[in-house]
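Peer 1: I would like to see how this sequence folds:
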Amino acid sequence: MLEEHDRIVLTDDISDFGLKAGDVGTIVHMYPNGEAFEVEFLTLDGNTAALASVLPSQARLVTRTDITHAREITG
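Peer 2: Modelled structure (predicted):
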């Protein structure tokens, strides 16, 4: 079960925001019944790159074997 402040990894692209599967963000708000959540995606220097509504089917929890990968956001 996903909760506020969990770090997630996108499993699908969210092209409206230039986000790609594999991007990492933090849940900042949960909608009722866990139907969706707002996720903040930060650049590596700490600026907000996107704040996007994400469905549970579009994300998974970060695991201890995940590694960060840098890319430039284009959206």
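Peer 1: Report the beta-bridge partner residues of the spatially most central residue of the chain.
Peer 2: Centroid-nearest residue in the chain: G25, 3.4 Å away (criterion: CA atoms, centre = their mean). Judged by DSSP bridges, the bridge partners of G25 are I8.
Peer 1: pLDDT score for G75?
Peer 2: On pLDDT, G75 comes in at 57.
Peer 1: before we move on, what about M1?
Peer 2: 82.
Peer 1: Also G34?
Peer 2: 89.
Peer 1: So what's the residue count around it?
Peer 2: 12 (other CB atoms under 10 Å). Heads up, the C-betas are built off the backbone N, CA and C, glycines and all.
Peer 1: can you tell me which residues contact it?
Peer 2: G34 makes contact with M1, L2, P56, according to CB atoms under 8 Å, 6 or more residues apart in numbering.
Peer 1: Then S57?
Peer 2: Contacts of S57 by CB under 8 Å, 6+ apart are T11, D12.
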